[in-house]
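S.K.: Okay, structure incoming, though there's no sequence with it:
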């Protein structure tokens, strides 16, 4: 199978590989996929509390080159966006940017799912914090 | 050293230049039809075919008249299985085979099931070998054929052929073996092992594609087959069609070379294979050998690299030609049925690579492949959330994964 230049670039030079402290209040973690399906993505965002802007994003992916490229690209796009803007990222945007063939569309879907999972983890932490602060007050 | 490096010698092998040299005159000067009995062109072609028949027979301990030429091992398998099923239909309708057979055997058996035959698909043990007790229990008074491959094409394990042959002979059941991967690589003796039919393909032992043979025992017992191709009655009536003289000459020469050089070649291949394994195991943790190490072809290595997905691994070694058991590399999007039959989880099957070292590989190439693979596996594990979790002591089998 031939890979697009952009997929090859992300595979050879993946952006933002690593992990953030998943217990931190302002970090949201999303983990999607399963080893037996051949894809697992872990995507994390670190949000600036004051501005609501994603100031850092990291990923680790077990999967084919297209899955690695999709998640690497997602972290690039996430940085600098607000959480609401991040929710607007669609899998089709990733497909277009990386020129993914039809058999690899599921990689982009997984990346979108990972973004949504990270954001909902972050939001769950925030509402819990708000709730506990209210209880204290 | 030239790239890409070819390490997929289970799939096919290049034609040995000595084989090609033997073939060339039969395309042009000696182009005759081996079935032409009344002129010299035919006689020369027939002599060449007879010589090849002898070369093939010598390699497997058979006699020349027991070799039937075909278009390749798929045809040989079809002819053996369907030919016996049809010829011995009155005697019984039961066939025994194994779950890890090549598709040429499995799909032929499935076809026969549609026509009222019963087929037992023996499972294999974790090492890829069949359980002989299970085979014993599978025989019925309707069993007419056992077909078990000599050596597996994906994991290289060698089945207990002598024991299978003995069990079949004791019960008067015919024994066919697809020996495509074993021929020319390890010693094969149809009499010692009580083999009644044996499939051979030329392109797996440095011969040309499109030609193969089926050994069919003539004595004790005399095996009869119903022809699957009707026509001029070539090959003792078992396989009609003008003989592929050039291909047959190539197959014969390939067998002769393999027989002559086997002791030396085996040592060399085994050395390279063991070196590759040793390097990978010394510098990577959590790599696993798939299939029995003890009962294995000298040039075969199938390894899983845990927490790394096969296709991304192949992408990182794109100047090395190997195969992966990963779903992503196959047309069906399913991981290898052979690896699954060993009881491997889908995740570890996705992480497997098959290495097939051949006559023309050098030690320099093996070193290059090992170093490159180690580098890529380490890099991909840096990227792997599974490796990170495993290092944190998380049992991945207990994680509830989020899937659609």
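M.R.: Structure's in. What do you need? Quick caveat: nothing in here was measured; it's all calculated off a predicted structure.
S.K.: Just give me the longest helix of chain A.
M.R.: helix A:105-136 (DSSP state H).
S.K.: quick one: buried residues of it?
M.R.: Neighbour-count burial for helix A:105-136 flags A:105-119, A:121-122, A:125-126 (criterion: 16 or more other C-beta atoms under 10 Å in any protein chain shown). (Glycine included, C-beta is placed from N, CA and C.)
S.K.: Who's the closest spatial neighbour of the residue in the stretch 51-200 of chain B that chain A sits nearest to, skipping the chain neighbours?
M.R.: Relative to chain A, the nearest point of the stretch 51-200 of chain B is residue B:154 (17.8 Å; C-beta to the nearest C-beta). Spatially, and ignoring its direct neighbours in sequence, residue B:154 is nearest to residue B:338 (4.3 Å; C-beta to C-beta, 6 or more residues apart in numbering or on different chains).
S.K.: That neighbour: how many residues sit nearby?
M.R.: Neighbour count for residue B:338, taken as other C-beta atoms under 10 Å in any protein chain shown: 26.
S.K.: Residue B:152 is in contact with that one, correct?
M.R.: Yes: counting by C-beta atoms under 8 Å, residue B:338 touches residue B:152, with 6.6 Å between them.
S.K.: and for those two, which residues touch both?
M.R.: B:100, B:128 (C-beta atoms under 8 Å, 6 or more residues apart in numbering or on different chains).
S.K.: thought residue B:104 was touching residue B:74?
M.R.: Yes: with contacts counted by C-beta under 8 Å, residue B:104 reaches residue B:74, the gap being 4.2 Å.
S.K.: what about the closest residue to residue B:286 other than its chain neighbours, how many residues close to it?
M.R.: Spatial nearest neighbour of residue B:286, excluding adjacent residues (C-beta to C-beta, 6+ apart): residue B:306 at 4.1 Å. Residues near residue B:306, counting by other C-beta under 10 Å, number 20.
S.K.: pLDDT wise, what is residue B:306 at?
M.R.: Looking at residue B:306, its pLDDT reads 94.
S.K.: and it, what does it touch?
M.R.: Shown in contact with residue B:306 (C-beta under 8 Å, 6+ apart): B:286, B:287, B:288, B:348, B:351, B:386, B:387, B:390.
S.K.: Let's see which of those end up in helices.
M.R.: Residues of those located in helices (DSSP H): B:348, B:386, B:387, B:390.
S.K.: JSON lines for these, including neighbour count?
M.R.: Conversion of these to JSON lines gives the following (neighbours: other C-beta atoms under 10 Å in any protein chain shown):
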{"residue": "B:348", "neighbour count": "22"}
{"residue": "B:386", "neighbour count": "23"}
{"residue": "B:387", "neighbour count": "22"}
{"residue": "B:390", "neighbour count": "17"}
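S.K.: Would you map the helices across the chain?
M.R.: As the question left the chain open, I've gone with chain A. A:5-12, A:65-78, A:83-87, A:91-98, A:105-136.
S.K.: try again with chain B
M.R.: B:17-23, B:40-60, B:73-87, B:103-114, B:132-138, B:161-171, B:245-283, B:310-316, B:337-341, B:346-350, B:363-382, B:385-391.
S.K.: Redo the ones you listed as a markdown table? Include distance to residue B:214 and mean pLDDT.
M.R.: Listed next are the helices of chain B as a markdown table, based on distance: least, C-beta to C-beta, whole Å; pLDDT from 0 to 100:
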| stretch | distance to residue B:214 | mean pLDDT |
| --- | --- | --- |
| helix B:17-23 | 20 | 98 |
| helix B:40-60 | 10 | 98 |
| helix B:73-87 | 4 | 98 |
| helix B:103-114 | 12 | 97 |
| helix B:132-138 | 23 | 98 |
| helix B:161-171 | 17 | 98 |
| helix B:245-283 | 12 | 98 |
| helix B:310-316 | 34 | 91 |
| helix B:337-341 | 23 | 93 |
| helix B:346-350 | 32 | 84 |
| helix B:363-382 | 35 | 97 |
| helix B:385-391 | 46 | 94 |
